[in-house]
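1. Fold the following for me, if possible:
(chains A and B)
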Protein chains: 2
Amino acid sequence: MATYLAHVNVMLRPLINDPQGLVVRDGLHSLGFEGVSAVRVGKRIDITVAAASVPEAEAAVRDMCAKLLANPVIEDFEFEVTEVAAVD
Amino acid sequence: MATYLAHVNVMLRPLINDPQGLVVRDGLHSLGFEGVSAVRVGKRIDITVAAASVPEAEAAVRDMCAKLLANPVIEDFEFEVTEVAAVD
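-> Predicted structure coming up:
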């Protein structure tokens, strides 16, 4: 078994309204950042997980996203898995 | 001017307690993902911004993080900027 770190990004789908992003965009405009045309706010989830291999860790993380971390109706997810420590 | 897309990650600093992450970890355990040892939940912010160059866009995004997007007392941020469209 080894330990893997998964960086998961969960974002609202492009056509879904993102009120939080609109508020941040307006806030940035108020602070003088006039060049900002769009802001989308999502979740960044770092997961430390034990698995036998990268494919096994990726399969587990994909399953976690489908079952808990992302709402498949309105959100998309992407992730990358890296090995952080090997344990015998 | 060109258009740049910045992917910003804002995470609680490692020593800061993350109740949301603990809840997600316990939820994953309840779903049978026993191999999960730690979860940290942060924000993922995608910003579309107009700037003259990558360094200028990076400077603007760094300034946005310092002024609005991240709480420097308890959060760290990192970001990457990519050009999405050049406009004359």
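
2. residue ranges for the helices of chain A, please.
-> Per DSSP state H, chain A carries helices over the ranges A:19-30, A:54-64.

3. ok, and which of those helices has the densest surroundings?
-> helix A:54-64 (a mean of 18; mean count of other C-beta atoms under 10 Å in any protein chain shown). Placement of C-beta: from N, CA and C, glycine included.

4. Is there proximity between that one and chain B?
-> Yes: using C-beta under 8 Å from any C-beta of the partner chain, we find that helix A:54-64 touches chain B at A:Ala60, A:Asp63, A:Met64.

5. residues in contact with the first one?
-> Taking C-beta atoms under 8 Å, 6 or more residues apart in numbering or on different chains as the criterion, A:Ala60 is in contact with A:Val49, A:Ala51, B:Phe33, B:Gly35.

6. how near is it to B:Val39?
-> Distance, A:Ala60 to B:Val39, using C-beta to C-beta, to the nearest Å: 13 Å.

7. Tell me the helices and strands packed up against the longest strand anywhere in chain A.
-> As assigned by DSSP state E, the longest strand anywhere in chain A is strand A:36-51. Secondary-structure packing of strand A:36-51 (3 or more C-beta pairs under 8 Å, 6 or more residues apart in numbering or on different chains; DSSP states H and E): strand A:2-12, helix A:19-30, helix A:54-64, strand B:2-12, helix B:19-30, strand B:36-51.

8. if we compare the ones you listed, which one ends up closest to A:Glu75?
-> Among the helices and strands packed on strand A:36-51, strand A:2-12 comes nearest to A:Glu75, with 5.3 Å by C-beta to C-beta.

9. returning to what we had before: any chance of the helices of chain A in TSV with mean pLDDT as columns?
-> What follows is those, written out as TSV (pLDDT from 0 to 100):
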stretch	mean pLDDT
helix A:19-30	98
helix A:54-64	98
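
10. wait, which of those helices is closest to A:Phe79?
-> Nearest to A:Phe79, of all the helices of chain A, is helix A:54-64, at 5.4 Å by C-beta to C-beta.

11. ok and that closest one relative to strand A:2-12, angle-wise?
-> Here helix A:54-64 runs at an angle of 40 degrees relative to strand A:2-12 (axes from the mean of the first three to the mean of the last three C-alpha atoms, to 10 degrees).

12. how distant is helix A:54-64 from the center of its chain?
-> Distance, stretch centre to chain centre, for helix A:54-64: 14 Å (C-alpha atoms, centre = their mean, to the nearest Å).

13. Need the contact partners of the helix or strand of chain A with the lowest mean pLDDT.
-> Least confident helix or strand, chain A: strand A:75-86 with a mean of 92, by mean pLDDT, DSSP states H and E. By C-beta under 8 Å, 6+ apart, the residues outside strand A:75-86 that reach it are A:2-13, A:16, A:42, A:48, A:54, A:57-58, A:61-62, A:65, A:69-70.
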